[in-house]
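[1] I'd like to go over a predicted model; first the sequence, then the structure.
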Amino acid sequence: MERSNPTQKKKIVLNYIYATVIGLLIIACAVVIAVVNANSTTSTQGVVTPNENVQVSVTTFVVPVKNATVAKDYSGSELQYNDTLKQWEIHKAIDFVANEDKNVYAATDGTVSNVYTNYLEGTVIEISHADGLVSVYKSLSDAVNVSVGDKVSAGSIIGQVSESMAQELNTGAHLHFEMTKNGAKVNPNDYIDLGNK
């Protein structure tokens, strides 16, 4: 029987280690080259260099009726009593009570997307804003200041407060103000600061 030489075993192990190290170095170099090539071929369009001025647009929201009283605030889950309909209901809006014919203002920049009148809601204006947001103004007088397609800015007069909303008739002259995002009603308090009313 032939005996293996310990020196020969050492050489085989060392050769295996050298081959493994060299293989790993080759793989590492290939990865580095691939990353460098990927970064150098990426388009620089849209990359801001330190010398460029960056303009950030900030959306400003204003309270839609000045010096008004909040008769009924937004409630996504708590029931509130509707004195006109004599029932408890969720109220996903803010009711601003003010003198009839008091101006109503666009809450923020946008485009008038709908103007209509019906018995339950009165005269209604809907304004579409960025990011799927829509502000809705109900219980307005018939004489509105805007038409569908008009561009408005935050604080533009769009109409006047009235008692035209039959389903909240006992509230008196007021603005029923709603906001939706991507078609779902959201809390207007998340956008406007009632401390500035």
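    In hand now; what should we look at?
[2] quick one: the strands in this protein?
    Using DSSP state E, the strands of the chain run over residues 69-72, 79-82, 87-90, 94-97, 103-105, 110-118, 122-128, 133-140, 151-152, 157-160, 174-181, 184-186.
[3] Show me the beta-bridge partners of the closest residue to Ile127 other than its chain neighbours.
    Leaving out its chain neighbours, the residue that sits closest to Ile127 by C-beta to C-beta, 6 or more residues apart in numbering is Gly110, at 4.2 Å. Every residue, glycine included, has its C-beta placed from N, CA and C. Per DSSP bridges, the residues bridged to Gly110 are Val152.
[4] Could you export the strands of the chain as TSV, including mean neighbour count?
    Formatted as TSV, these follow (neighbours: other C-beta atoms under 10 Å):
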stretch	mean neighbour count
strand 69-72	16
strand 79-82	13
strand 87-90	11
strand 94-97	24
strand 103-105	21
strand 110-118	16
strand 122-128	22
strand 133-140	23
strand 151-152	17
strand 157-160	20
strand 174-181	22
strand 184-186	14
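[5] out of those, nearest to Ile22?
    strand 174-181 (59.0 Å; C-beta to C-beta).
[6] now the angle from that closest one to strand 122-128?
    Relative orientation of strand 174-181 versus strand 122-128 (axes from the mean of the first three to the mean of the last three C-alpha atoms, to 10 degrees): 30 degrees.
[7] Strand 174-181 versus strand 133-140: what angle between them?
    Using the same axes, to 10 degrees: strand 174-181 against strand 133-140 is 160 degrees.
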